[in-house]
Structures are given as structure tokens and as C-alpha cells.
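1. Build the 3D model from these lines:
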Amino acid sequence: MSDTPTVKARCEKQNIDLVRLLYVTPSGVMQATTVDVSEVDAAIENGVTLSEVIQVYDAFACRNRDSRFDAVGEVHLYPDPETFRPLPYAERAGAMLCTIRTLDGEPWAVDSRSSLQSVEDDLRAKGLAPHVAFESEFSLFSRDEDGEITRGDEAGAYRTESIRGTHDTILHIVDALKAQGIDVKKYHPEFSPGKHEIVTGHHTGLEAADEHLLLRETVKSVAERDGYQATFLPKPFDDGTNGCHINVSLWNGENQFFDPSHDDISETARQFIAGVLDHAPSVLALTAPTVNSYSRLQPRHGAAGYICWGWLNREALIRVPAPAQGREADSTRIEFRGGDNTVNPYLGLIGLLAAGNDGIERELEPPEPVSVDPCDLTDAQRTAKGIERLPQTLGEALDALEQNEVLRSALGPDLFDAYVEVKRNHWKLFTESAGSWQRERLRNLY
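-> Now for the predicted structure:
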């Protein structure tokens, strides 16, 4: 018998009475059910009942009444004890991330977490292990008695005033992340007022996705405790955006994206880049999955507007950052800049890894890297270089995704169809309205 304390024993030792079982649906919104400490070991062993239909609710808790899921049908949440941690921002509370299984105990085909694990296992069978890190941007704001919004700081543009203005809350967030074992690498204020970025460490894809969800929950919870509202919404204000840059490399004992013979990115990295670019419109339906996402993905917005890659190029969809001096073999990676924090990170990573792996398997060659802002090129120059515009709406990205057999295979038909159904409903609700659609509600959700 293992000497490792059970989760229940750890809870009792740390005065935890309630444990949140966290999961995320195709909508990208975090969900939870909570069990008392007396039930937590039973939940790990036997699961907790969950309605199937929750998977096809959109962010506003609306569902397509023609869905293949309805009021009949149940599955089980299985909390992963490896992810257990006390929540430093919630008194006498802890949390675990969950996978979802059928009543027979098999992985449910519509569960995104176990689906990412399956994709990782397939890559490892080929000798490739993904290393992933998320760079998460968010905005802090508050309201006065009249309901007027005040941003967390009004300086913006990377200034030290921005750091000073919200130092205490950022410190509380960083402390809370570290207390949960989340490695914080860097923090800095971003371009617009109230905007901030936290970079966490590299992990396997599943671990990185888990930590990304915990970070989102932590930021919002700590900010609320400090009198702010935090939002990860891609375009929460007319003059501000929030992205989620995803850093990826593939390893087999050594970094397969680094070519030591040329002190450069490897052929494997180039093929991976080519695969992501080839599938970019479809991948975007997973990594930029709300109507609001496409307000951010505009030329000259410090995001990506075009399908291209480049060294150090922050207007390219894929940037190859400068590696750390003296640590080139460890730090060579690509940065995908087309994601945002409305993403279900498990699904976003499935899309990126599947697209990149397809490039490796087909031995694709990427186009020449772009060394200028693609906005500064003429239409003829972009055409000559094969630089195309990214999808400009969620509907356009979903059109591409529905035709993409590589991503359908990677997600599996059940998860693929459930995801498209949720996002088509989201798109339908938008096209029946207009403008800065539901931004107030979305700021509260993401």
C-alpha cells in the first residue's frame, strides 16, 4: 500500500472542508461541482454524476434544442488526485481538475481533457513529447457608484505607473499561483490601461492546460477579493485586447525544435510550423472560439492578422522568439499568437499539435519567414509570398474547421461534432443581433 496520503487526509490536515471538481466544456467556460471532504475519496474512486447535456451548453447556458444531447443521459466526473491543491483565495476550499468517463468507466469521447491526453500519448509513441507554456493576458477594472468603469490603472503602454498602480493585487495573484505550485516566470503590464500579462512555466500539454485553467480561476478570484473585476475577454474594451500566446516545442530527451549543427530551428520545427500554417483557419476555430475573438485578430493590433511566420515578428501568426543566450538548446520554441483566453485549452492544444504533427508527417516546407509587418506589404507582395488573411469571423473559421479531416480525426467525431454544435449556436445567436454583442456579459464570463 502506498504511503502517499489520500486527498481526504490532506484536506483534513490543511483544514479543507469543500473540494471543487473543475472541468471545462467546449464553450471554454470553467464549470464545477463541489463535494464535502467526507466524500472526496469516494469521488476519486467512483466519480460524480454529471448530465451529458452540459457539454453542449454555450457560454450563456443556451443550447440547441435539436442537439443530440438532451435531458436523458449521464456520465461521471473523475477528479484527478495529481491535480489536487488547496485554494489560497477560498477559505477552507481545495480543487481538482477532472476527466469525464462513461458510466462503464471508459473515457467519454466528448471529454476534451482525456482527448488531449490521447493525442499526447500518440505523439509520445512517435518519440515526441510536447512542452507547452501559456502567456495569459487579462484586464483589471472596477466600477464606481454610478456604474462607470475605471481600469485597474490608467497609464498603460508598459509603464512603471501601471506596475505601481496594481502592485498589491498582482502580488496577491502571484502569491496565490505559487501557493498552488504554479511556476510564474514573468509578469508585466501590457499596452492598454489595466492590461497585464503573466507567463507560466513549460509543462506537458495536459499539465500546461490544467495550470492555465487554474490561473484563469485564480486571477478572477483574487481580483474580486481585492475589489477588481478581471476579464480575459479578447476585446473587452474598444482600446484594449487580451491574447493567449501558446509556446510549443517537441522533445525526445532533447529539444527536437533545435538544430545544434546550425544553431537554428530544426527541420522538425519547420515542418511543424508548415503544418500549423496549412491548417491555420481551422485551428483558429479552436484557439479563437468566440465572436469577440475576431475583434482582436486585426492587423496592427499587436496580434495576428495574416497567416505567416517570422523570426521575432509579433504581427505574424507564428513567431520564433529569440532563444535565451547560452540556453539555445533548451529555449528554442515557436509562439502561436492566434489564441485567446476564451479557449478551452485542451481543445486548442489538440488543434495545434495535430496540425503541427500533420506537417511533420507530410514533411511540409513552410514559406519564407516574413521579416516585416505583413500589413506594410502590398496586396501583390502578400500574394507573391503566399500570405493570406486570417478568418475574420467565427463563422468563417467554423466553415474551415468543418472541412478539416485532420482535426476531425484528432478530436474524434463525437467531440468534433459537439464542439461545432456549441460554436455554431454561439455564431447563430450573434448573427441574429449585432455590434459589440454581449460584451458586458462576456466580460463577466471570461
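
2. Can you pull out the low-pLDDT segments for the stretch 201-350 of the chain?
-> Nowhere does the stretch 201-350 of the chain drop to pLDDT under 70.

3. chain center to stretch 191-210, what's the gap?
-> Averaged C-alpha coordinates place stretch 191-210 at 9 Å from its chain's average position (C-alpha atoms, centre = their mean, to the nearest Å).

4. what about that stretch, start to end distance?
-> Using C-alpha to C-alpha, to the nearest Å, the end-to-end distance of stretch 191-210 comes out at 27 Å.

5. Which helix runs longest in this protein?
-> Identified as the longest helix of the chain according to DSSP state H is helix 205-225.

6. What is the subsequent helix or strand relative to that helix?
-> Using DSSP states H and E, the helix or strand that directly follows helix 205-225 along the chain is strand 229-231.

7. Pairing partners for that next one, with directions?
-> Using DSSP bridges, the strands paired with strand 229-231 are strand 129-143 (antiparallel).

8. Show residues contacting whatever helix or strand comes next after the partner strand.
-> Per DSSP H and E, the first helix or strand lying C-terminal to strand 129-143 is strand 149-151. The contact list for strand 149-151, computed with C-beta atoms under 8 Å, 6 or more residues apart in numbering, reads Ser139, Leu140, Phe141, Ser142, Arg143, Asp144, Ser192, Pro193, Gly194, Phe237. In short, each C-beta sits where N, CA and C put it, glycine included.

9. circling back to that earlier point, buried residues of the longest helix of the chain, list them for me.
-> 205-223 (16 or more other C-beta atoms under 10 Å).

10. Kindly report the same for stretch 20-33.
-> Going by neighbour count (16+ other C-beta under 10 Å), the buried part of stretch 20-33 is 20-31, 33.

11. Out of those, which sit inside strands?
-> If you go by DSSP state E, the buried residues of stretch 20-33 have Arg20, Leu21, Leu22, Tyr23, Val24, Met30, Gln31, Thr33 in strands.

12. Among those residues, which one lies nearest to Tyr419?
-> Closest approach to Tyr419 among those (C-beta to C-beta): Val24, at 12.0 Å.

13. Run a quick check on that closest one versus Ile54, I expect a contact.
-> No: with contact defined as C-beta atoms under 8 Å, Val24 does not reach Ile54; the gap is 10.9 Å.

14. joint contacts of those two?
-> Joint contacts of Val24 and Ile54 (C-beta under 8 Å, 6+ apart) are Gln31.

15. Not counting its neighbours along the chain, what's nearest Phe257?
-> Closest residue in space to Phe257, ignoring its immediate chain neighbours: Ala269 at 3.9 Å, by C-beta to C-beta, 6 or more residues apart in numbering.

16. Likewise for Thr231?
-> Arg443 (4.4 Å).

17. tell me the secondary structure for that neighbour?
-> With DSSP: H, G, I helix; E, B strand; the rest coil as the basis, Arg443 sits in helix.
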